[in-house]
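Engineer: mind folding the following:
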Amino acid sequence: MKSAAQLHWDYFLLLEKDLIAISETLELNEKNYDSFGPRLAQLILATGSELDVALKSLAAVLCPQHEAATIENPNMGHFKSMISQYACSQFATARVAFLRSEIVLIPWSAIADSSDCSFIWWSNYNNIKHKRSEYYEVANLKTALELISALFVVVAYLCEAAHEPFYGFTQIIDWESHEHMPSIARNVESQ
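Structural biologist: Below is the predicted model:
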């Protein structure tokens with residue numbers, strides 16, 4: 001049976017395939033950030049939902065006593081608190097590069113300033129989910145890329161915190177640079 005980390009990684013790879021399909025007709029370029037449409041809305045909704053579930057899995061592995069892992073329905077506030085307390089420097093500096101483009105995002109960078117920060121990509125996801133007709137224009141390429149890069153960081157750190165390697169390779173998303181999770185960093189330094 002697959003672990004939670006592997007299930008999240010496999011699903012991330014499926015979402016990445018959706019992004020690849022979109023990129024065949026919409027160039028991954030900052031000039032296209034405001035482009036919006038149903039395929040981007042679909043990717044945003046699926047990615048945001050998976051991000052919520054992946055954050056719950058990360059909480060269970062990284063800090064099982066934290067409220068993000070113990071309460072029934074944690075929200076982004078709980079997850080931001082968890083990240084700030086247990087992996088702030090890792091998340092705040094994780095750079096995600098989109099290959100075949102010049103786009104590099106640091107989706108969690110605002111967490112370095114405060115756990116009370118807000119993420120526009122998370123607000124956009126919720127607005128699309130709950131009030132799509134009013135916020136259809138934020139179902140755009142920029143929101144999609146920010147969300148999928150945020151999910152990538154969470155799933156990559158989940159695999160690292162669970163001491164599980166990635167199985168399967170990304171096709172257009174890669175780390176530009178990142179800090180290891182604290183337990184991994186200690187292991188790397190002692191070798």
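
Engineer: shaky segments in the chain?
Structural biologist: Along the chain, segments meeting pLDDT under 70 span 167-168, 176-177, 182-191.

Engineer: after the longest helix along it, which helix or strand is next?
Structural biologist: For the chain, the helix with the greatest residue count under DSSP state H is helix 38-62. Sequence order places helix 67-70 as the next helix or strand after helix 38-62, per DSSP states H and E.

Engineer: what residues does the following helix or strand past that following helix touch?
Structural biologist: Sequence-wise, the next helix or strand downstream of helix 67-70 (DSSP H and E) is helix 76-86. With CB atoms under 8 Å, 6 or more residues apart in numbering as the test, helix 76-86 has contacts from 55, 58-59, 62-63, 66-69, 71, 91, 108, 111, 114-117, 119, 122, 182. Just so you know, the C-beta spots here come from the backbone N, C-alpha and C atoms, and that holds for glycine as well.

Engineer: ok, the spatially most central residue of the chain to residue 66 distance?
Structural biologist: Geometric centre of the chain, nearest residue: residue 151, 1.7 Å, by CA atoms, centre = their mean. Applying CB to CB, to the nearest Å, the value for residue 151 to residue 66 is 20 Å.

Engineer: same deal with residue 140?
Structural biologist: From residue 140 to residue 66 the distance is 33 Å (CB to CB).

Engineer: of those two, who's got more company?
Structural biologist: residue 140 (21 against 18; other CB atoms under 10 Å).

Engineer: I figured that one hits residue 30, correct?
Structural biologist: No: judged on CB atoms under 8 Å, residue 140 makes no contact with residue 30 at a distance of 11.7 Å.

Engineer: which parts of this structure are helices?
Structural biologist: So, for the chain - with DSSP H - the helices run 4-23, 38-62, 67-70, 76-86, 88-93, 120-130, 132-135, 141-161, 182-190.

Engineer: quick one on the thing from earlier: list the contacts for the closest residue to the residue nearest to the centre of the chain other than its chain neighbours?
Structural biologist: Counting by CB to CB, 6 or more residues apart in numbering, residue 151 lies nearest to residue 51, which is 4.6 Å off, once chain neighbours are set aside. Residue 51 makes contacts with 125, 147, 150, 151, 154, as judged by CB under 8 Å, 6+ apart.

Engineer: kindly provide the distance from the nearest residue to the last one once chain neighbours are set aside to residue 161.
Structural biologist: To tie it back to what came earlier, the one meant is residue 154. Nearest in space to residue 154, with sequence neighbours left out and distances taken as CB to CB, 6+ apart, is residue 54 at 4.7 Å. From residue 54 across to residue 161, the span is 12 Å (CB to CB).
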